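Chemist: Let's see this in three dimensions:
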Amino acid sequence: MTTVAVKPATMAQALGRALRDAMAEDPTVHVMGEDVGTLGGVFRITDGLAKEFGEERCTDTPLAEAGILGAAVGMAMYGLRPVVEMQFDAFAYPAFEQLISHVSRMRNRTRGAMPLPITIRVPYGGGIGGVEHHSDSSEAYYVATPGLHVVTPATVEDAYGLLRASIASDDPVVFLEPKRLYWSKSEWNPDTPAAVPGIGKALVRRAGTSATLITYGPSLPVCLEAAEAAREEGWDLEVVDLRSLVPFDEDTVVASVRRTGRAVVVHEANGFGGPGAEIAARITERCFHHLEAPVLRVTGFDIPYPPPMLEKHHLPGVDRILDTVARLQWEN
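Modeler: Numbers count the residues shown, from 1 in each chain. Next up is the predicted model:
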């Protein structure tokens, strides 16, 4: 029997394939955003879609994020499934009024009669040497807005599977794409993609017994690297990839922390008011009598995103994670 070799694919390629497959299967799926058509997007995620499906289904828009999302609201109300690309994380802020006032509230406002199946793709996070407004981790804003699903992939497989699930969802989804993982690779077959858990399910990426690292998106590879480095200190770290911030898979996180007795939450967003604060609170509520130490966090600093030459100090790294793990009051 001949085995067909699978070429490594990037996260960017998996996202593009997810859009293509969704558009091919469902004529109501429309892609829209700044430079998504002729150029194929700043990161080339939408490359080739306008040529294959036409400019009416892969549409270049003006540089007006509020207008883009407002148009998507109308499209969804009339039965389409728009997929909106916000070119960079901080470019999405002008669209917040539409997001908060209409996208997140429409199902509740109409007592369930009018869902809004909108997927809002937001390249986010640092690690690419981007200047101001190009490296924000803005997930806390979305997580704090009831009515939205918020998901973020950290692997090639999840990039495809979670984006397909997001587009198929009748609820609006903010789909956060870690920019520095666009070029990460995996031996993934786009013609027979493996099924992955859908929205609302976390995964244990590395089993361990000493402590749990809870993370998502761009911080997952860093946590896995830290877990390997921790072996030299005699620590066996478990790593949980949330994948979905809303809905939050509390049961998987709680089960892991109850096994290990210690927890560290890791993300690029700022610490004060960041997602890690809510996660730490929930762990404390559910795991108080199982904890051997307080829940700690490793996050970005509470400052606007720094210039490119300083981002290596701002972003959580292996050393900062291990220093925090060392504070977990180990017993001899």
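
Chemist: For residue 211, which non-adjacent residue is spatially closest?
Modeler: Excluding its sequence neighbours, the residue lying closest to residue 211 (C-beta to C-beta, 6 or more residues apart in numbering) is residue 262, at 3.7 Å. Where you see a C-beta, it was placed from the backbone N, CA and C, and this is true even at glycine.

Chemist: Would you list the phi and psi of that neighbour?
Modeler: Reported as degrees, to the nearest 10, the phi and psi values for residue 262 are phi -140, psi 150.

Chemist: how near is it to residue 208?
Modeler: 10 Å (C-beta to C-beta, to the nearest Å).

Chemist: quick one: which of these two has more around it?
Modeler: More neighbours sit around residue 262 than around the other of residue 262 and residue 208, counting by other C-beta atoms under 10 Å; the figures are 24 against 20.

Chemist: residue contacts, that one?
Modeler: Residue 262 is in contact with 210, 211, 212, 291, 292, 293, 328, counting by C-beta atoms under 8 Å, 6 or more residues apart in numbering.

Chemist: Quick check: end-to-end length of stretch 200-211?
Modeler: Distance across stretch 200-211, first residue to last, is 23 Å (C-alpha to C-alpha, to the nearest Å).

Chemist: average pLDDT for that stretch?
Modeler: Averaging pLDDT along stretch 200-211 yields 97.

Chemist: Report the buried residues of that stretch.
Modeler: For stretch 200-211, burial by neighbour count (16 or more other C-beta atoms under 10 Å) applies to 202, 203, 204, 205, 206, 208, 210, 211.

Chemist: so of those residues, which ones are in strands?
Modeler: Residues of the buried residues of stretch 200-211 located in strands (DSSP state E): 203, 204, 205, 206, 211.

Chemist: What's opposite the second one in the beta bridge?
Modeler: In this case it means residue 204. Taking DSSP bridges, one obtains residue 240 as the residues bridged to residue 204.

Chemist: how about residue 93, secondary structure?
Modeler: Under DSSP: H, G, I helix; E, B strand; the rest coil, residue 93 falls in the helix class.

Chemist: What of the one 4 residues further on?
Modeler: The three-state label for residue 97, taken from three-state DSSP, comes out as helix.

Chemist: helix or strand for the closest residue to residue 32 other than its chain neighbours, which one?
Modeler: Taking C-beta to C-beta, 6+ apart, and ignoring the residues beside it in sequence, residue 32 has residue 59 as its nearest neighbour in space, at 4.5 Å. Under the assignment given by DSSP states H and E, the secondary-structure element containing residue 59 is strand 58-60.

Chemist: got the contact list for that strand?
Modeler: Applying C-beta under 8 Å, 6+ apart, the set of residues contacting strand 58-60 from outside is 23, 30-39, 46, 49-50.

Chemist: Report the buried members of the residues you listed.
Modeler: 23, 30, 31, 32, 33, 34, 36, 37, 46, 49, 50.

Chemist: ranges for the helices of the stretch 101-250 of the chain?
Modeler: In the stretch 101-250 of the chain, the segments counted as helices under DSSP state H, counting those that start in this stretch are 106-109, 139-143, 156-168, 220-230, 250-260.

Chemist: Quick check: which of these is buried the most?
Modeler: Sort the helices of the stretch 101-250 of the chain by mean neighbour count, taking mean count of other C-beta atoms under 10 Å, and helix 156-168 sits at the top with a mean of 24.

Chemist: What mean pLDDT does that one get?
Modeler: For helix 156-168, mean pLDDT rounds to 97.

Chemist: same thing with stretch 232-245?
Modeler: Over the span of stretch 232-245, the pLDDT mean works out to 96.

Chemist: Then stretch 69-82?
Modeler: Per-residue pLDDT over stretch 69-82 has a mean of 97.

Chemist: center of the chain - which residue?
Modeler: Nearest to the geometric centre of the chain sits residue 152, at 1.5 Å (C-alpha atoms, centre = their mean).

Chemist: What distance do you get for that one to residue 216?
Modeler: Going from residue 152 to residue 216 by C-beta to C-beta gives 5 Å.

Chemist: Equivalent analysis for residue 171, please.
Modeler: With the distance defined as C-beta to C-beta, residue 171 ends up 19 Å from residue 216.

Chemist: So which of these two has more stuff around it?
Modeler: Shown here are residue 171 and residue 216; by other C-beta under 10 Å, residue 216 has more neighbours (28 against 19).

Chemist: follow-up on the earlier one: going through the contacts of residue 262, which ones are buried?
Modeler: The neighbour-count test (16+ other C-beta under 10 Å) applied to these identifies 210, 211, 212, 291, 293, 328 as buried.

Chemist: how about these in TSV, adding distance to residue 275?
Modeler: As requested, the buried ones among the contacts of residue 262 are exported to TSV (distance: C-beta to C-beta, whole Å):
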residue	distance to residue 275
210	23
211	19
212	16
291	19
293	21
328	20
